[in-house]
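**Q** with the input below, show me the fold.
(chains A and B)
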There are 2 protein chains.
Amino acid sequence: MTTTQSWVESANDAQCDFSIQNLPFGIFSDASNREARVGVAIGNQILDLSVLQAAKLLKVPGANHATFASPTLNSFIALGKAAWAATRTQITTLLQADHTTLRDDAALRSRALHKQADATLHLPVHIPGYTDFYSSEEHATNVGALFRDPNNALMPNWKEIPIGYNGRASSVVVSGTEVRRPNGQIKLPNQERPVFSACRKLDIELETGFIIGQPSKLGTPIRCENAEDHIFGMVLLNDWSARDIQAWEYVPLGPFNAKTFATTISPWIVTMAALEPFRVQQPAQAPEPLQYLRHSGSHAFDIQLEAYLKPADAAQAMRLSHTNFKYMYWTMAQQLAHHSISGCNTNIGDLMGSGTISGPTRDSLGSLLEMSLNGKSPVSLGSGYTRSFLEDGDEVTLKGWCNGDGYRVGFGSCTGKILPAIKMA
Amino acid sequence: MTTTQSWVESANDAQCDFSIQNLPFGIFSDASNREARVGVAIGNQILDLSVLQAAKLLKVPGANHATFASPTLNSFIALGKAAWAATRTQITTLLQADHTTLRDDAALRSRALHKQADATLHLPVHIPGYTDFYSSEEHATNVGALFRDPNNALMPNWKEIPIGYNGRASSVVVSGTEVRRPNGQIKLPNQERPVFSACRKLDIELETGFIIGQPSKLGTPIRCENAEDHIFGMVLLNDWSARDIQAWEYVPLGPFNAKTFATTISPWIVTMAALEPFRVQQPAQAPEPLQYLRHSGSHAFDIQLEAYLKPADAAQAMRLSHTNFKYMYWTMAQQLAHHSISGCNTNIGDLMGSGTISGPTRDSLGSLLEMSLNGKSPVSLGSGYTRSFLEDGDEVTLKGWCNGDGYRVGFGSCTGKILPAIKMA
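**A** Sure thing, here's the model as predicted:
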């Protein structure tokens, strides 16, 4: 038995996302308490921080009962990096296999530990702003070739700018929320005018997102070297996309209704502290970026990512893709430095999406658009199922994890099931 | 003396924006009370609704003291259309020339009325989401000709879709806030790579915006016929734009850093009730829009709009433009119907910009980009001043008003002064 094991047995399974090395933060409620509050995932359990705080087992600078009884993590995050670290250290100690305070107090334990299976997980943060980047070279190349010109797939600005756009924060939903197929305008090649239709090319985008933990003021750029200090943690993100609506609407001001109907994130925010051991060197960048986008050291993270699809009548989900966050051309630090270089301010809880994460092979692509070559070459899922795009009833699940030595630091899953479009009168 | 006159004498001036017919809502503080609270502009005064509420002179269904002592209008707006109407009716009565309750109570009047000149005006609402449209045919045509192809200036989708994009809500600021010239990447025609530079083509966009008053749920489109019920009121909006940053960054995902550094709105929200007498027929639309964008009746508003520029060393501001909101091709109702047709939800306080409002003549254009033909033909301001784009120290002021019979329903002004860019080490 080592300090890397917990008395919560399920956390010691080498395949469990929520090891004692992880300790991601989320918001949950359950039958014991219908109020949403702050929890930390450990094994197949949730540790209720509002109970620990009330029992005086947490000493976090600046925190009070409201911090952990809150329906969002924003108040906790606002306490700052020292408070995040203190909380992590104290929870690690409380959960260690040989630590008796909580382990041996059955009454307290029954109030402080709740089965994940019995809990409802909520959106973990209030998200004041949502930005989505476009930072996978493979994805940008594939999409450029399909939507524009195969011979000039990558735009001239792509290797200079971590291209991003403002997304719609209001429609970011937590994993498990059903996703309604959008209606909108689509332009068929053989018709002069667009038609009103349910989306016929509904797609996923396999992404991660990061959550702003330290705000920045209007007019104050964040330096690339310091940018990671502004990040609280990461989530999985599915940037649902209506490709036919997008193709018709996106020139010249970018994607709008094709994306605003829903964006799903995973309920647990994996902290940068937990991800630290999985830091790796980002891909070489040529040309060398402009000065404000330069940072020394390693700023990529080795995060395994998978997408699964379960047709409504299928016995089980089938894997669509297996890729890795470390392939991203632009780092999170560079994204944030670019986001703020104009002086644009950020707030606690802001969500920044990575952009679709595609690898170099057909089984490592992050969207059906790429996998099926915009519907020209349907994907075989196995068991006789094929897909060009999503069908009603399809359930998509993203998974992500870092492989430690005998343990995982994982994100859990990020799922959404497609409901049929609304019939318009 | 008629019921259309107020005992607040300054409100009866035919040139005053804040007649008794107007009664726009805002948030203010002053030396008498440093707490920001809800006020209504009347003449050159502000009526303090928190004082009226405490004095039991307001009976608004659902309101309590916190409603009007709040630093944003969101709580008041959330009470709904009946509460807005009740408030307007009661304030109209209290301010009518022959109504004695407040007029003749000197002690109460001194607490309830504050000079605008002595007050600080704050952002009137918390803005959860900001969307900017692109709905002036003249503007879209002019910009298309300058940035893309003069022979195909209007994109094929433009007359089918009220084109819009997600803006950055965090950097929406109230009139009077100084605006820092952004730094960023610009691509010079004679160089292979972009350079890092302070923006050299800083521009205004003369717009209006509307504020969402009734929210809509995810997955629930707003019908075009009912869309105006969702609007609380309107503001002036200056969508500051860095044209050189924009030209380099905007393909394929739209404007980003070129716009995210600041958006200025006027402090007073003019309600739809006050604008009702100025409803006029919108321009004819050909082709007839798809069904979900159709509405019967008149949905444009006759709002005079002006932009002024005052160079730092000039004695006075000089008029740049004079245009009118009624020229807009797409109506606010159509914008909102389109915004929600995918199922995207809206929240109270959401801001929707009209897009730059240009008329058909050179003196009715809404941006310097258009007036100066992207810098090729500098604008003569008079007194020897010329401008292609904004210079440091320039102060831009937007004005807007509706002309009634002997009175105005006006927006006041929306100003911002340009500060030099930050020097990056």
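
**Q** can you confirm A:Leu398 is in a helix?
**A** No: counting by DSSP: H, G, I helix; E, B strand; the rest coil, A:Leu398 is not found in a helix; it is strand.

**Q** quick one: contacts for it?
**A** A:Leu398 makes contact with A:204, A:206, A:236-238, A:266, A:305-308, A:413-415, according to CB atoms under 8 Å, 6 or more residues apart in numbering or on different chains. C-beta here means a position set from N, CA and C on the backbone, and glycine is covered the same way.

**Q** before we move on, which element is the residue lying closest to it once chain neighbours are set aside in?
**A** Closest residue in space to A:Leu398, ignoring its immediate chain neighbours: A:Cys414 at 4.2 Å, by CB to CB, 6 or more residues apart in numbering or on different chains. Here A:Cys414, judged by DSSP states H and E, is contained in strand A:408-419.

**Q** same check, this time on A:Asp405
**A** Under the criterion DSSP H and E, no helix or strand holds A:Asp405.

**Q** in contact with it, which residues are there?
**A** With CB under 8 Å, 6+ apart, A:Asp405 has no contacts at all.

**Q** read off the pLDDT value for it.
**A** Per-residue confidence at A:Asp405 stands at 95 (pLDDT).

**Q** find the nearest non-adjacent residue to the residue of chain A found nearest chain B, please.
**A** Residue of chain A nearest chain B, by CB to the nearest CB: A:Gly254 (2.5 Å). Leaving out its chain neighbours, the residue that sits closest to A:Gly254 by CB to CB, 6+ apart is B:Gly254, at 2.5 Å.

**Q** just checking, the one you found touches B:Gly164?
**A** No: counting by CB atoms under 8 Å, B:Gly164 is not a contact partner of B:Gly254; they are 9.9 Å apart.

**Q** overlap of the contact sets of those two?
**A** With CB under 8 Å, 6+ apart as the test, B:Gly254 and B:Gly164 both reach A:Leu253.

**Q** what is the burial count for the residue of chain A closest to chain B?
**A** By other CB atoms under 10 Å in any protein chain shown, the residues close to A:Gly254 number 26.

**Q** check contacts around it.
**A** By CB under 8 Å, 6+ apart, A:Gly254 lies in contact with A:Tyr165, B:Tyr165, B:Tyr250, B:Pro252, B:Leu253, B:Gly254, B:Pro255.

**Q** of the residues you listed, which belong to strands?
**A** Using DSSP state E, the members of the contacts of A:Gly254 that fall in strands are A:Tyr165, B:Tyr165.

**Q** mind putting the contacts of A:Gly254 in CSV, distance to A:Asn403 and pLDDT included?
**A** Putting the contacts of A:Gly254 into CSV (distance: CB to CB, whole Å; pLDDT from 0 to 100) gives the following:
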residue, distance to A:Asn403, pLDDT
A:Tyr165, 33, 98
B:Tyr165, 39, 98
B:Tyr250, 40, 95
B:Pro252, 35, 93
B:Leu253, 33, 95
B:Gly254, 37, 95
B:Pro255, 40, 97
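
**Q** same list (the contacts of A:Gly254) but as JSON lines, adding distance to A:Leu293.
**A** Formatted as JSON lines, these follow (distance: CB to CB, whole Å):
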{"residue": "A:Tyr165", "distance to A:Leu293": "18"}
{"residue": "B:Tyr165", "distance to A:Leu293": "24"}
{"residue": "B:Tyr250", "distance to A:Leu293": "19"}
{"residue": "B:Pro252", "distance to A:Leu293": "20"}
{"residue": "B:Leu253", "distance to A:Leu293": "18"}
{"residue": "B:Gly254", "distance to A:Leu293": "20"}
{"residue": "B:Pro255", "distance to A:Leu293": "19"}
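
**Q** just the contacts of A:Gly254 now: which is nearest A:Asp244?
**A** The nearest member of the contacts of A:Gly254 to A:Asp244, counting by CB to CB, is B:Pro252 at 16.3 Å.

**Q** that closest one reaches A:Gln246, doesn't it?
**A** No: taking contacts as CB under 8 Å, B:Pro252 lies outside contact range of A:Gln246: 10.3 Å.

**Q** more neighbours: these two, which one.
**A** A:Gln246 (23 against 20).

**Q** is it true that that one touches A:Phe261?
**A** No: A:Gln246 is beyond contact range of A:Phe261, at 11.5 Å (criterion: CB under 8 Å).

**Q** test my guess that A:Ala82 contacts A:Pro61.
**A** Yes: using CB under 8 Å, A:Ala82 is in contact with A:Pro61, at 6.3 Å.

**Q** so what's the spatially most central residue of chain A bridging to?
**A** Centroid-nearest residue in chain A, with CA atoms, centre = their mean: A:Leu236, separated by 2.2 Å. Following DSSP bridges, A:Leu236 is listed with bridge partners A:Thr208.

**Q** quick one: contacts for it?
**A** Counting by CB under 8 Å, 6+ apart, A:Leu236 makes contact with A:175, A:207-209, A:265-266, A:305, A:398-400, A:411-414.

**Q** try it again with 7 Å
**A** A:Leu236 makes contact with A:Thr208, A:Ile265, A:Ser266, A:Leu398, A:Gly400, A:Phe411, A:Cys414, according to CB atoms under 7 Å, 6 or more residues apart in numbering or on different chains.

**Q** near chain B, which residues of the stretch 101-250 of chain A show up?
**A** Counting by CB under 7 Å from any CB of the partner chain, the residues of the stretch 101-250 of chain A close to chain B are A:128-129, A:134, A:155, A:157, A:160-161, A:163-171, A:180, A:182-185, A:193-194, A:196, A:218-219, A:248-250.

**Q** let's see which of those end up in helices.
**A** The helices, defined by DSSP state H, take in A:Trp248, A:Glu249 from these.

**Q** residue boundaries of the helices in the stretch 301-425 of chain A?
**A** With helices called from DSSP state H, counting those that start in this stretch, the stretch 301-425 of chain A shows them at A:332-341, A:368-371.

**Q** surely A:Arg279 and A:Phe301 touch.
**A** Yes: here A:Arg279 reaches A:Phe301: they are 5.9 Å apart, a contact under CB atoms under 7 Å.

**Q** list the buried ones in stretch A:156-170?
**A** Within stretch A:156-170, the residues scored as buried using 16 or more other CB atoms under 10 Å in any protein chain shown are A:157-170.

**Q** got it, and stretch A:48-66?
**A** By neighbour count with 16+ other CB under 10 Å, stretch A:48-66 contains the buried residues A:Asp48, A:Leu49, A:Ser50, A:Val51, A:Leu52, A:Gln53, A:Leu57, A:Leu58, A:Val60, A:Ala63.

**Q** and those as JSON lines, adding secondary structure and distance to B:Gly393?
**A** Listed next are the buried residues of stretch A:48-66 as JSON lines, based on DSSP: H, G, I helix; E, B strand; the rest coil; distance: CB to CB, whole Å:
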{"residue": "A:Asp48", "secondary structure": "strand", "distance to B:Gly393": "56"}
{"residue": "A:Leu49", "secondary structure": "helix", "distance to B:Gly393": "51"}
{"residue": "A:Ser50", "secondary structure": "helix", "distance to B:Gly393": "53"}
{"residue": "A:Val51", "secondary structure": "helix", "distance to B:Gly393": "58"}
{"residue": "A:Leu52", "secondary structure": "helix", "distance to B:Gly393": "55"}
{"residue": "A:Gln53", "secondary structure": "helix", "distance to B:Gly393": "52"}
{"residue": "A:Leu57", "secondary structure": "coil", "distance to B:Gly393": "58"}
{"residue": "A:Leu58", "secondary structure": "coil", "distance to B:Gly393": "52"}
{"residue": "A:Val60", "secondary structure": "coil", "distance to B:Gly393": "47"}
{"residue": "A:Ala63", "secondary structure": "coil", "distance to B:Gly393": "46"}
